[in-house]
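Visitor: Below are the sequence and a predicted model; questions follow.
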Amino acid sequence: MQGRIDDPSIPGGTPDPVVPNPGLPKVGDPPGPELAPEPPQPEITEPPRAPVEVPQPGINRPDR
């Protein structure tokens with residue numbers, strides 16, 4: 001009977017290392033990227049009304 005190479009009684013032979021099998025690791029969904037907090041947005045307001053130009057007599061009128 002021949003000795004096997006992994007037999008520890010044979011010089012130079014090493015036994016197979018025992019590797020525990022943890023199975024599938026229980027990994028949940030990875031956390032999403034953390035978003036930086038947004039700066040507060042100013043309230044949207046109506047722009048001020050443009051001044052209404054009232055034509056005055058004699059201005060911007062050609063002479064008749």
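Guide: That came in fine, so what should we check first?

Visitor: From here on, just use CA atoms for contacts and neighbour counts.
Guide: Noted.

Visitor: Secondary structure element holding Lys26?
Guide: Using DSSP states H and E, Lys26 sits in no helix or strand.

Visitor: What is the neighbour count of it?
Guide: Other residues near Lys26 come to 5 when the count uses other CA atoms under 10 Å.

Visitor: just for this protein, where's the confidence low?
Guide: 1-15, 22, 24-25, 58-64 (pLDDT under 70).

Visitor: ok, 50 please
Guide: In the prediction, the chain carries residues with pLDDT under 50 at positions 3.

Visitor: those strands in the chain, which residues are they?
Guide: Per DSSP state E, the chain carries no strands over any range.

Visitor: and Pro51, what is it in contact with?
Guide: Not one residue lies near Pro51 by CA atoms under 8 Å, 6 or more residues apart in numbering.

Visitor: gap between it and Asp29?
Guide: 59 Å (CA to CA, to the nearest Å).

Visitor: just Pro55 next, same as before
Guide: 70 Å.

Visitor: and if you look at Glu53?
Guide: Distance from Glu53 to Asp29, by CA to CA: 64 Å.

Visitor: Next: Val52.
Guide: Taking CA to CA, one finds Val52 at 61 Å from Asp29.

Visitor: What is the neighbour count of Gly32?
Guide: 6.

Visitor: OK, contacts around it?
Guide: No contacts exist for Gly32 under CA under 8 Å, 6+ apart.
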